[in-house]
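1. Here is my input; please provide its structure:
(one chain, ligands or ions: 2)
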Amino acid sequence: MVKCALITGISGQDGAYLARFLLEKGYRVVGGTRRTSTRNLRRLETLGIAADVQLVDFDLFELTNIARVLDRICPDEVYNLAAQSFVAISFEQPLYTAEIDALGPLRLLEALRGLGGRTRFYQASTSEMFGKVQAVPQDERTPFYPRSPYGFAKLYAHWATVNYRESYGMHATSGILFNHESPLRGIEFVTRKITYELAEVKHGRREVVRLGNLEARRDWGFAGDYVEGIWRMVQEDVADDYVLATGTAHSVRAFVECAAVPLGFDIVWQGEGAGASGTDRQSGRRIVEVDPAFFRPAEVDLLIGSSAKARDRLGWIPRTGFAELVAMMAEADDRRVRNGEAPI
Ligand code: NAP
Ligand code: G4F
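-> Ligands and ions are numbered 1, 2, ... in the order given. Presented below is the predicted three-dimensional model:
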């Protein structure tokens with residue numbers, strides 16, 4: 001029998017990669033998209049799958065909409081990827097972030113419980129829940145200490161998922177994913193901002209890339225690898241929580257240096273903190289500057305995960321290394337900017 005999956009947030013980075021993965025597995029894929037004045041299916045189009053998925057109007061804000069969609073579609077599996085996913089904006093819009101990222105998953109869980117709780121549920125949890133980290137590396141047993149409205153909203157949803165599994169026997173999984181990137185990453189996140197804006201500098205469309213905290217360290221993997229881990233979690237007989245991570249961390253500064261190379265720059269740093277800047281060795285041009293406007297009220301200094309449990313139980317390992325990931329993103333943005341394409 002053909003399985004049916006509902007992906008909320010199908011227009012986002014992970015939604016697009018997961019949709020492609022499930023289509024290749026023979027699933028019928030239904031994607032939830034919220035009403036906006038312009039339809040944004042660029043990622044699905046880039047992967048060449050926009051015509052292969054069924055789209056439904058879906059908003060995590062609206063319980064009645066969620067219940068009707070589930071009733072109509074009767075999915076075997078629900079992947080809740082929809083979220084206000086940008087940490088920086090969550091400081092500016094904490095209540096909205098809580099509505100969508102904390103109460104949204106609760107609405108979904110309640111609607112699924114009302115349908116008898118037979119549908120498998122995946123919640124997109126995050127390493128941001130570790131925040132001010134209490135152990136290095138972080139795994140499923142590490143205590144949480146969120147540092148942003150996004151982090152504590154996601155923590156609520158994580159515990160809601162655990163609680164519905166324990167209270168009602170639902171097959172509800174929380175995937176605690178560390179940062180994962182790709183050429184389809186949103187332009188506001190630091191990796192894509194760096195590769196896109198450095199490409200703009202290369203092609204004469206921008207003078208300088210302005211960044212915040214260069215010293216923050218993240219465990220960056222490739223989104224295409226992570227969606228397979230998500231699917232594997234949901235196929236387990238017994239639902240559980242899993243960390244997906246690469247086990248290596250790099251600073252924002254190191255990401256800039258690495259992205260600069262395929263774009264033909266060699267960065268030399270001057271200064272510290274808010275006064276730091278980066279110059280291209282050959283041209284002597286200052287092309288990176290720190291702008292305190294991008295500092296956050298509370299920072300997550302270091303995230304580095306251990307996905308030993310996912311490796312042992314799910315057989316999942318990330319295939320793409322850091323240098324390969326950065327080059328993939330930089331080369332894609334070099335091509336896009338050269339061809340005058342609008343950023344995704
Ligand atoms: P993304 O690219 O920002 O995509 C978010 C998706 O959520 C978009 O499709 C967006 O729709 C949708 N959305 C936002 N508000 C909604 C609402 N009220 N109702 C319905 N849909 C809504 O995020 P991503 O990087 O793919 O991440 C997927 C999920 O994993 C998110 O929950 C994120 O918090 C979580 N996560 C991501 C990472 C990472 O490193 N990427 C790590 C850990 C956890 P529009 O296109 O209309 O905006
Ligand atoms: O790329 P970021 O905005 O990602 P962040 O905050 O780690 O969140 C991402 O990963 C989470 C998983 O850990 C997800 F749950 C979440 O949805 C999202 O996908 O920032 C990474 C780091 C931060 O420390 C930030 O302060 O980069 C630093 N940074 C320095 N300059 C910057 C900038 N971040 C952004 N977005 N823009 C800058 O100019």
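2. And stretch 4-19, how far out from the chain middle?
-> 12 Å (Cα atoms, centre = their mean, to the nearest Å).
3. Just want the phi and psi numbers for I7.
-> I7 adopts backbone torsions of phi -110, psi 110, taken as degrees, to the nearest 10.
4. Repeat that for L55.
-> phi -100, psi 140.
5. Spit out the contact partners of it.
-> I10, V30, G31, G32, T33, L41 (Cβ atoms under 8 Å, 6 or more residues apart in numbering). Placement of C-beta: from N, CA and C, glycine included.
6. Same question for F152.
-> By Cβ under 8 Å, 6+ apart, the neighbours of F152 are A102, P146.
7. same thing but 10 Å
-> S90, P94, T97, A98, D101, A102, E128, M129, G131, F144, Y145, P146 (Cβ atoms under 10 Å, 6 or more residues apart in numbering).
8. Going by neighbour count, which of those are buried?
-> Buried members of the contacts of F152, counted by 16 or more other Cβ atoms under 10 Å: S90, P94, T97, A98, D101, A102, E128, M129, G131, F144, P146.
9. Kindly tell me how buried the residue in the stretch 1-150 of the chain positioned nearest to ligand 1 is, as a neighbour count.
-> Per Cβ to the nearest ligand atom, G12 is where the stretch 1-150 of the chain lies closest to ligand 1, at 2.1 Å. By other Cβ atoms under 10 Å, 23 other residues sit near G12.
10. With R165 instead?
-> As a measure of burial, R165 has 21 neighbours, counting by other Cβ under 10 Å.
11. coming back round to it: make a markdown table out of the buried ones among the contacts of F152 and add pLDDT.
-> Shown next, in a markdown table, are the buried ones among the contacts of F152 (pLDDT from 0 to 100):
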| residue | pLDDT |
| --- | --- |
| S90 | 99 |
| P94 | 99 |
| T97 | 99 |
| A98 | 99 |
| D101 | 99 |
| A102 | 99 |
| E128 | 99 |
| M129 | 99 |
| G131 | 98 |
| F144 | 99 |
| P146 | 98 |
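12. rewinding a little: top of the contacts of L55 by neighbour count?
-> I10 (29 neighbours).
13. For that one, pull up the helix or strand it's in.
-> Counting by DSSP states H and E, there is no helix or strand that carries I10.
14. residues contacting the residue of the stretch 1-150 of the chain closest to ligand 1?
-> 18, 33, 40, 43, 81-83, 85, 124, 184-186, 223.
15. top of those by neighbour count?
-> L18 (29 neighbours).
16. Pretty sure that one sits against R232.
-> No: with contact defined as Cβ atoms under 10 Å, L18 does not reach R232; the gap is 11.9 Å.
17. Quick check: neighbours shared by the two?
-> With Cβ under 10 Å, 6+ apart as the test, L18 and R232 reach no residue in common.
18. would I100 count as being in a helix?
-> Yes: using DSSP: H, G, I helix; E, B strand; the rest coil, the secondary structure at I100 is a helix.
19. Now do the same contact list for it.
-> Counted by Cβ under 10 Å, 6+ apart, I100 has contacts R34, D59, L60, F61, A82, A83, Q84, S85, Q93, R107, A153, A157.
20. Look up the closest residue to R147, ignoring the ones flanking it.
-> G131 (3.7 Å; Cβ to Cβ, 6 or more residues apart in numbering).
21. can you pull out the helices in the stretch 201-344 of the chain?
-> Using DSSP state H, counting those that start in this stretch, the helices of the stretch 201-344 of the chain run over 223-235, 252-260, 308-309, 322-338.
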